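[1] following is a predicted model, sequence given first.
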Amino acid sequence: MPIRYNISPELNMEMYVCRGSITAAEIFKTIDMVLSDQPRKPGFITIIDLIAAVENIHLKDIYETIERIEKMVEKGFVPGPILMLSQSRGIHILADTIQMLPSKVPFKMTAFYTMEDAINSLGLSESRQDIIQFWQDSNSLYENS
């Protein structure tokens, strides 16, 4: 599987690390698995690390993303910010496009080139070291599997 995940209840954060060729369907499948297995607190921060991935995402995936978030809200789940790390301009355009499309629920999805930028956007500079350590630990899941 090209995706590994890690959860930090202390940081109120989950991290998905993607490597190689990746599709939105694979990301959705992993997130569904995690959501059914792990309890979530409202506002949980989701970081999807696509830095070492080659994304294969299509227009229909944008609409499915919004639909999935709306269904989660209907079930009582309050989405937290979704941050993507990627060097791909396409991912940044994807995040911007999702934010511009009409949705029944407000949610924040943004893309960043670096983890530092993501941390700053969250206003969590006081937890910078802990978040970077969590990110490094999450990446090491790939190297140890």
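    The structure has been received and is ready for your questions. Numbers count the residues shown, from 1 in each chain.

[2] neighbours around the closest residue to residue 52 other than its chain neighbours, how many?
    Excluding its sequence neighbours, the residue lying closest to residue 52 (C-beta to C-beta, 6 or more residues apart in numbering) is residue 19, at 4.8 Å. For glycine as for every other residue, the C-beta is placed from the backbone atoms N, C-alpha and C. Neighbourhood size, residue 19 [other C-beta atoms under 10 Å]: 17.

[3] in a strand, residue 19, correct?
    Yes: counting by DSSP: H, G, I helix; E, B strand; the rest coil, one finds residue 19 located in a strand.

[4] isn't it right next to residue 141, touching?
    No: with contact defined as C-beta atoms under 8 Å, residue 19 does not count as touching residue 141 (10.5 Å).

[5] quick one: buried residues of stretch 10-21?
    Across stretch 10-21, burial judged by 16 or more other C-beta atoms under 10 Å covers 11, 12, 13, 14, 15, 16, 17, 18, 19.

[6] what's the answer for stretch 90-100, then?
    Of the residues in stretch 90-100, those buried (16+ other C-beta under 10 Å) are 91, 92, 94, 95, 98.

[7] just checking the distance from that stretch to the centre of its chain.
    From the chain centre to the centre of stretch 90-100 is a distance of 13 Å (C-alpha atoms, centre = their mean, to the nearest Å).

[8] just the CA trace of it, in PDB.
    The C-alpha trace of stretch 90-100 is given here as PDB (Å, rounded to 0.1, in the frame of the first residue of the first chain):
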ATOM      1  CA  GLY A  90      -1.400  20.600  -9.400                       C
ATOM      2  CA  ILE A  91      -2.100  19.700  -5.700                       C
ATOM      3  CA  HIS A  92      -2.000  23.400  -4.800                       C
ATOM      4  CA  ILE A  93      -4.400  24.200  -7.600                       C
ATOM      5  CA  LEU A  94      -6.600  21.200  -6.400                       C
ATOM      6  CA  ALA A  95      -6.800  22.600  -2.800                       C
ATOM      7  CA  ASP A  96      -7.600  26.100  -4.100                       C
ATOM      8  CA  THR A  97     -10.300  24.700  -6.400                       C
ATOM      9  CA  ILE A  98     -11.900  22.700  -3.600                       C
ATOM     10  CA  GLN A  99     -12.000  25.800  -1.400                       C
ATOM     11  CA  MET A 100     -13.800  27.800  -4.200                       C
END
